[in-house]
Structure formats: C-alpha cells, structure tokens
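A.B. asks: With the input below, show me the fold.
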Amino acid sequence: MEQFFHLKEHGTTVRKEILAGLTTFLAMAYILAVNPSILGNVMNAGGVFVATALASAIGTFIMGLWANYPIALSAGMGLNAYFAFTVCLGELGGDPNAFRICLTAVFVEGVIFMLMSLFKFREKIINAIPANLKYGISAGIGLFIALIGLSGAGIAVNDDSTLVTLGSFKQASMVLALVGFLIILILVHFNVPGAVLIGILVTWFLGMGAQSIGWYTDGNLFPDFSQGLQLAGIKETAFQFDFAWAASHITAFIAITFSFLFVDLFDTVGTVVGVADKAGLLDENGELPRVGRVFMSDAIATTAGACLGTSTVTSFVESSTGVAAGGRTGLASVTTGALFVVSLFLSPIFLAIPSFATAPALIYVGMLMVASAKKIHFDGEVADVAGAYMALLIMPTTYSIANGIMLGVLTWVILKVFTGKARDIHPVMWVVFALFAVRILSIVMS
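C.D. replies: As a prediction, this is how the structure comes out:
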C-alpha cells in the first residue's frame, strides 16, 4: 500500500483512506437511484442502474490506481437530464431508439476527450471560455436540475393560464419531497456523512408508510426481491449505438455531441481543481501534478459508460467529502470503486426508489450549482454579463441545457463584436460560435 499509493508522503494512513472512500461513496451513492430514475424515462432503468454502478467503478478504479487521486466518478448530474429530456424526449421527439443516438454521442465525446487529453487540449480550451459564461452555465444547470426535481415530485406542475404553478399539498409525493429536502439540509448542517443518500432513503421509507395507509396510490414503493438482482437489463443498454443515424444527420449529431462535450469539459476541470485544492494537492504554481492522467481517467470512464449504457461519466464534486475525511491518495478512490461493485447486489432496493424520493437530491444539488451565480460579475462588460445571464435564464425556461449554452455563447460573441471587443474572442470561441450558428441554420432549414 505504501509503495503503491505513497501514503506517508501524503500524510495519510490505510484507515484514513478507507474511511474517506466510504464517506465519498455515501455522499454520491444517490446517483445509483437518481440516474435510473432520469434515464429510465427513455431506456431500461435496470440496465441504467447496472451501467451506472459498473462505469462508476471502472472510472474510479482508474483514477485511483493510475492517477492516484481521491477523486470518484459517476454519471454527471445535468448531463443525464440533457440526455433524457432535452435530446431524447425533446429534439428527437421521444423516438424509442433516441437513447441509442445519445449513447453514440457520449461514446464519440469520450473518444474526443481521450484525444484532447493526450495532446493536452482540454486545459487550453477551458482557459478560452470566459469565466462569467462558465459561472452562468453552471448556475443555469443547477436551476434546470432543480426544476426536474420539482416536476418529478409534483411540486411544479403544468397550468394552462400561468404555464407552471404549485402542485397540491394533498399529494403525498409533493409533501414527502419537501420533507426530504428539509431533511437533507438539516443533515448537511450537522455534517452527517451521506446526508443526500439518507434524505432519499428516509423520503422513500415515509412514502412506503404513506402507501400503507392509502395516502400514496401512484404505484408500489416496496422493493421486489422475487426477481433476483435484476441485472439482466444491461442487455438492453450495453453497446446500443446508432452510428447510421449519426452519419445521416451529421450536423444534428455534432451539435448533440458538442453540447455533451462542452458541459463536461469545464465541469470536470472545475471539480478536479476544486477537490485537489481542498486536499492540498496543487503544487506551488497552483497546478495539479499528473493532470493528464486525471483527464484521461475521466475520458476513459465516459467511453466505458457509453458502452455499458449510461450518460456522460465525470468527476464528482462529492469527492470533496472524502477529502474532508482525510483522503489524499488513490486508495480512497479504490475503496469507493469497490463499494460501487458491491452496490450491484442491492439493485432491487435502488430500482424501487421513486422519483419523488430522488427529487430532494436533485433540488439540493441544484442549490449547490446555483451558488455559481454569485461569482458572476454583473458590473462587468455587457457581453460578459449578458452571455452569463442568457445561459442561466434559458436553461430552466426552455428545459434545455443545450439551448442555454448555445444562446449564451452566441450572445457573448455577437456583443463582443458590436462593442469593439472582437480581439478578445479566443479562436476556440469562434469555433464554438460557428458550430452553434450551423446548428441554428440546420433547424431553420429543416
């Protein structure tokens, strides 16, 4: 252990690392319930669960054994919502085979990221994106995720006169989701490990009680162990690619792939740097040693996830909870990865958790991401302010991460040109602008 992970060099022990890995798993295990709940709208939920657990284990093992960092990976929040709601149910009109197109896009994204990591392009690209735009996109994704949670719990519902309105307090799902959100906040306040997962489980248990007394009548909330571990669903998700559609709809496919890539790009960089900084792993120049291995681990995990049948796999900010518990090396990640494998034997439990029980987690994660809005410099140049504002505004109101990124980038570039600041536009942003312009043109011409 010492020779492989250099524990003494990092001021840690085997016990600390294992405890840190357990802490990280408890903090992010909610994804095992949330991801099948979201992607289950467009593909086999059982297969998504298995794919999520395996892809998380693979990516986290690689991060721990090769990069030697206490960073865990799993299906990214926001990216899974974009996958299911924006593309499959939105742009592709709910086509039963739409998920195959998305998995193909995620696979291509992963391959592109591997090439970018190999030639160190990821670091260069992230530096080209304006800071305000990054913050606006992150905050917008937070609102979008929260809206999905509110909708899934019946807290926000459709209304003909006002477009959206508050649900009914007579509905068990709405009341229980609000209670679950408060439970998570209280547990977080008292620094309880696994607060989000505990909040989901308590909300689910309360739901089973509500079902027992006849208040909740929308389905069965009790896990079904009669069918075994329910791992066969992976057959419906693994290697379900549609390269033929991608080849015949190249412009639309590029736009879908680019949206996945763009969000994952700075999300991963921000998470990795933030976690590394908290762990004291940055060098004297503020740079992260072995950063190439970190990004390559992330890229391999995304590719593996697509092959297994889940949306983009990325580094999780919840890794910071393990760091706070003392994690400093890859041994913590190996521990977390092993627990993801163990979770496969609990599939009936995770698959029985309803959307109103995962809604508190979505609302809470959305709250954390919306905090990026405070970093936006609203007294800066109009292009920087408007670009961030459009990204933040458009995502929740059009129910699309891609729309927010697109209009945020277009607004920023156009205003930079018309305010005489064209020289501030990095060549990378011109490429991004051109891709989105082509996307809009393809929509108009279709």
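A.B. asks: Excluding chain neighbours, give the residue nearest to residue 260 in space.
C.D. replies: Once flanking residues are discounted, residue 260 sits nearest to residue 109: 4.7 Å by CB to CB, 6 or more residues apart in numbering. All C-beta atoms are positioned from the backbone trio N, CA, C, and that covers glycine.
A.B. asks: Am I right that the one you found is in contact with residue 257?
C.D. replies: Yes. Here residue 109 lies in contact with residue 257, judged by CB atoms under 8 Å, at a distance of 5.5 Å.
A.B. asks: the more surrounded of those two?
C.D. replies: residue 109 (26 against 20; other CB atoms under 10 Å).
A.B. asks: Would you mind listing the buried residues in the host helix or strand of the more buried one?
C.D. replies: Assigned by DSSP states H and E, residue 109 falls within helix 98-118. Along helix 98-118, the positions that meet the burial threshold by neighbour count (16 or more other CB atoms under 10 Å) are 98-110, 112-114, 116-117.
A.B. asks: Could I get the average pLDDT for it?
C.D. replies: Averaged over helix 98-118, pLDDT sits at 93.
A.B. asks: Using CSV, write out every CA atom in it.
C.D. replies: C-alpha atoms of helix 98-118 as CSV (Å, rounded to 0.1, in the frame of the first residue of the first chain):
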residue,chain,number,x,y,z
ALA,A,98,-33.4,8.0,-29.3
PHE,A,99,-31.3,6.8,-26.4
ARG,A,100,-29.0,4.9,-28.9
ILE,A,101,-28.2,8.2,-30.6
CYS,A,102,-27.4,9.8,-27.3
LEU,A,103,-25.2,6.9,-26.3
THR,A,104,-23.4,7.2,-29.6
ALA,A,105,-22.8,10.9,-29.0
VAL,A,106,-21.5,10.2,-25.5
PHE,A,107,-19.1,7.5,-26.9
VAL,A,108,-17.8,9.9,-29.5
GLU,A,109,-17.4,12.6,-26.8
GLY,A,110,-15.3,10.2,-24.7
VAL,A,111,-13.1,9.3,-27.7
ILE,A,112,-12.6,13.0,-28.4
PHE,A,113,-11.8,13.7,-24.8
MET,A,114,-9.2,10.9,-24.9
LEU,A,115,-7.5,12.6,-27.8
MET,A,116,-7.8,16.0,-26.3
SER,A,117,-6.3,14.7,-23.0
LEU,A,118,-3.5,13.0,-24.9
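A.B. asks: Now residue 380. Nearest residue, chain neighbours left out?
C.D. replies: In this structure, residue 380 finds its nearest non-sequential neighbour in residue 132, 6.6 Å apart by CB to CB, 6+ apart.
A.B. asks: Please apply the same query to residue 108.
C.D. replies: The shortest distance from residue 108 to any residue that is not its chain neighbour, by CB to CB, 6+ apart, is 5.2 Å, and that residue is residue 257.
A.B. asks: ends of stretch 419-431, how far apart?
C.D. replies: Start to finish, the residues bounding stretch 419-431 are 20 Å apart (CA to CA, to the nearest Å).
A.B. asks: ugh, wrong one, stretch 367-378
C.D. replies: 20 Å.
A.B. asks: Show residues contacting that stretch.
C.D. replies: Contacts made with stretch 367-378 from outside it, assessed by CB atoms under 8 Å, 6 or more residues apart in numbering, are listed as 78, 131-132, 134-136, 138-139, 141-143, 145-146, 317, 384-385, 388-389, 392.
A.B. asks: what residues are up against residue 204?
C.D. replies: Counted by CB under 8 Å, 6+ apart, residue 204 has contacts 221, 352, 353, 354, 357.
A.B. asks: now swap in residue 75 and tell me
C.D. replies: Contacts of residue 75 by CB under 8 Å, 6+ apart are 31, 35, 52, 55, 56, 305, 310, 311, 312, 313, 314.
A.B. asks: tell me the SS of residue 69?
C.D. replies: Following DSSP: H, G, I helix; E, B strand; the rest coil, residue 69 is assigned to coil.
A.B. asks: residue boundaries of the strands in the stretch 201-350 of the chain?
C.D. replies: For the stretch 201-350 of the chain, applying DSSP state E, counting those that start in this stretch gives strands covering 313-315.
A.B. asks: where are the low-confidence patches of it?
C.D. replies: Within the stretch 201-350 of the chain, the segments meeting pLDDT under 70 span 227-228, 263, 266-271, 273-279, 282-287, 321, 324.
A.B. asks: My read is that residue 206 contacts residue 176, right?
C.D. replies: Yes. Taking CB under 8 Å as the contact criterion, residue 206 and residue 176 are neighbours in contact, 5.3 Å apart.
A.B. asks: and these two? which has more neighbours close in?
C.D. replies: The neighbour count for residue 206 versus residue 176, taken as other CB under 10 Å, is higher for residue 176 (27 against 20).
A.B. asks: For the more buried one, list the residues it contacts.
C.D. replies: The contact partners of residue 176, by CB under 8 Å, 6+ apart, come to 153, 203, 206, 207, 210, 216, 356, 357.
A.B. asks: Now name the helix or strand holding it.
C.D. replies: With DSSP H and E as criterion, residue 176 is part of helix 172-189.
A.B. asks: So which bits of that helix are buried?
C.D. replies: Buried residues in helix 172-189, defined by neighbour count with 16+ other CB under 10 Å: 172, 173, 174, 175, 176, 177, 178, 180, 181, 183, 184, 187.
A.B. asks: swap in stretch 28-42?
C.D. replies: 28-42.
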